[in-house]
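Trainee: Take this sequence and fold it.
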Amino acid sequence: MRRSNPRFFAYLCGVFLAGFAVLVWALSSLPPSRWVEIVLFGAVAMATELLPARIPREQASVSPGFAVIYAAVLVYGPGVGAWVAALGTIRLNDLRGKVPWPIVLFNRGQLALSATAAGIVHQFLGGRPGELRFPQDLTPLVAGGFVYFLVNCSAVVAGSSLARRVSFWRTWLSNYRWSVPNFLGLAPLSGVLASLYEQVGVASMVVAVVPLLVARQSFSRYLEVRDAYIETVAALAEALEAKDPYTRGHSERVARLAVAIGKAMGLPDDQLEVLDYVGRMHDVGKIGVRDEVLKKPGIFTAREYAEMRSHVLIGAQIVEGISLLGPGTSWVRHHHEWYDGRGFPQGLVGERIPLGARIVAVADAYDALTSDRPYKRALDVGQAVAELERCAGTQFDPEVVRVLAGLVRERLP
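Mentor: Here you go, the predicted structure:
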């Protein structure tokens, strides 16, 4: 959003001006009576936008407003739809100044463009505003909704990629692919809303907003429960570390370093998010290992070593119920595998070990080497990197070690 990124700022201005031109065009072709419908649909859309449900990536959120906007397109055409999209999506944070004005104006423009494009495609394929006929209008309805999604999401992803200076495709995969089910689920609902409005009138819009807000509330509650579960598991890891002053803060440092390595290796943001969580939880399975084994300063017996090794399986069982982590469960399970196959629990070799697990293994080892433990003194940074490089190709992935060494040396004076 900063003007120090001129390409991004120019893009925001360009999209806003294009959307503004569409709104002017629509205004010139709309009869005054249509403003009643614009206000009605806009008010309902705004009601659904009051409490958007947060998406756990970037600053993204979803609301059921698309269903109302596209219903206006289906009933009254692209002109009304453009104005409903531009005005009905204004949120309280926009009015309170919590969102920068260039972003607010950009959103007005890209939403007007999205609704207009959807209406044009709907009509081009045979759809007629105010006349929904099934099944013959199913194709225009779905195609128009898809075009709305395509224009809307492409505009936002392009802006985000310019702002962050990363590729369009990576931004899409990392942060916005979650929006596909949202639009696919709401497009048919737009048809239902449009049909109800045509048959029942204004009362249908008042009634329709209730299930939309209930759907939003249910989704928001799901996110809250998901976050609470992750926080609970992370708190377990912190509680485990609090018992031992030598490991306090270890998981947080491993998480930060793992994310830094992942960024340097070009991992998408969704995998970086999982790396952060796994870094914090990678040793949570030690909650099932006896204290006398965890804190033993000497050499383990065979039985004690087997008990210590079990922590990766216990940890994987603890986190496997967190669907957000996706592959993270296997990263927890395999972060003690060795690159040459001599690790545990399965003796995986080379790239058969998940990349996330290989990254966490190197971050874990680096923090252990540079921290005081009951059985050893901390190494300095140079010694720790040299030790990791010595073990590259046997215990650790050589590429991950190379990236870590580069990151560490960049920070040295």
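Trainee: mind listing what's buried in the helix or strand harbouring residue 140?
Mentor: In the assignment (DSSP states H and E), residue 140 maps to helix 138-164. Under the neighbour-count criterion of 16 or more other CB atoms under 10 Å, helix 138-164 has 140-149, 151-153, 155-164 buried. Heads up, the C-betas are built off the backbone N, CA and C, glycines and all.
Trainee: Ok, stretch 101-114 next?
Mentor: Applying a neighbour-count criterion of 16+ other CB under 10 Å, one finds 102-114 buried in stretch 101-114.
Trainee: ok, now stretch 292-312?
Mentor: Within stretch 292-312, the residues that count as buried by 16+ other CB under 10 Å are 293, 294, 304, 307, 308, 309, 310, 311, 312.
Trainee: Any chance of the residues you listed in CSV with pLDDT, distance to residue 18 and secondary structure as columns?
Mentor: Output for these, formatted as CSV (pLDDT from 0 to 100; distance: CB to CB, whole Å; DSSP: H, G, I helix; E, B strand; the rest coil):
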residue, pLDDT, distance to residue 18, secondary structure
293, 84, 65, helix
294, 79, 62, helix
304, 90, 68, helix
307, 91, 65, helix
308, 90, 62, helix
309, 92, 60, helix
310, 93, 60, coil
311, 91, 56, helix
312, 93, 54, helix
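Trainee: And the residues you listed, which is closest to residue 266?
Mentor: Residue 266 lies nearest to residue 312 out of the buried residues of stretch 292-312, by CB to CB, at 26.8 Å.
Trainee: Redo the buried residues of stretch 101-114 as JSON lines? Include secondary structure and pLDDT.
Mentor: Conversion of these to JSON lines gives the following (DSSP: H, G, I helix; E, B strand; the rest coil; pLDDT from 0 to 100):
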{"residue": "102", "secondary structure": "helix", "pLDDT": "90"}
{"residue": "103", "secondary structure": "helix", "pLDDT": "91"}
{"residue": "104", "secondary structure": "helix", "pLDDT": "91"}
{"residue": "105", "secondary structure": "helix", "pLDDT": "94"}
{"residue": "106", "secondary structure": "helix", "pLDDT": "94"}
{"residue": "107", "secondary structure": "helix", "pLDDT": "92"}
{"residue": "108", "secondary structure": "helix", "pLDDT": "94"}
{"residue": "109", "secondary structure": "helix", "pLDDT": "95"}
{"residue": "110", "secondary structure": "helix", "pLDDT": "95"}
{"residue": "111", "secondary structure": "helix", "pLDDT": "94"}
{"residue": "112", "secondary structure": "helix", "pLDDT": "95"}
{"residue": "113", "secondary structure": "helix", "pLDDT": "96"}
{"residue": "114", "secondary structure": "helix", "pLDDT": "95"}
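Trainee: Spatially, which two of those are the most separated?
Mentor: The two members of those with the most space between them (CB to CB) are 102 and 114, at 18.3 Å.
Trainee: contacting residues around residue 255?
Mentor: Contacts for residue 255 were tallied using CB atoms under 8 Å, 6 or more residues apart in numbering; they are 275, 276, 277, 278, 279, 280, 363.
Trainee: quick one: which of those is nearest to residue 132?
Mentor: Among those, residue 277 lies closest to residue 132 (CB to CB), at 45.0 Å.
Trainee: show me where the stretch 51-200 of the chain has helices.
Mentor: Using DSSP state H, counting those that start in this stretch, the helices assigned to the stretch 51-200 of the chain run over residues 65-76, 78-88, 92-95, 101-124, 138-164, 168-171, 179-200.
Trainee: Save those helices as TSV, and put in distance to residue 254 too.
Mentor: Converted to TSV, the helices of the stretch 51-200 of the chain look like this (distance: least, CB to CB, whole Å):
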stretch	distance to residue 254
helix 65-76	40
helix 78-88	45
helix 92-95	35
helix 101-124	35
helix 138-164	25
helix 168-171	25
helix 179-200	32
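Trainee: Name the surrounding residues that touch stretch 258-268.
Mentor: By CB under 8 Å, 6+ apart, the surrounding residues in contact with stretch 258-268 are 170, 173-174, 271-272, 275-276, 278-279, 355-356, 359-360, 362-363, 399-400, 403-404, 406-407.
Trainee: before we move on, back to that, closest one to residue 339 among the helices of the stretch 51-200 of the chain?
Mentor: Nearest to residue 339, of all the helices of the stretch 51-200 of the chain, is helix 168-171, at 27.0 Å by CB to CB.
Trainee: Contacts only, for the residue lying closest to residue 75 once chain neighbours are set aside.
Mentor: Nearest residue to residue 75 in three dimensions, chain neighbours excluded: residue 194, at 5.0 Å (CB to CB, 6 or more residues apart in numbering). Each residue near residue 194 by CB under 8 Å, 6+ apart is listed here: 71, 74, 75, 132.
Trainee: OK, contacts around the third one?
Mentor: Residues counted as contacts of residue 75 (CB under 8 Å, 6+ apart) are 37, 129, 130, 194, 197, 198.
Trainee: Any of those buried? List them.
Mentor: Neighbour counting by 16+ other CB under 10 Å classes 37, 129, 194, 197 among the contacts of residue 75 as buried.
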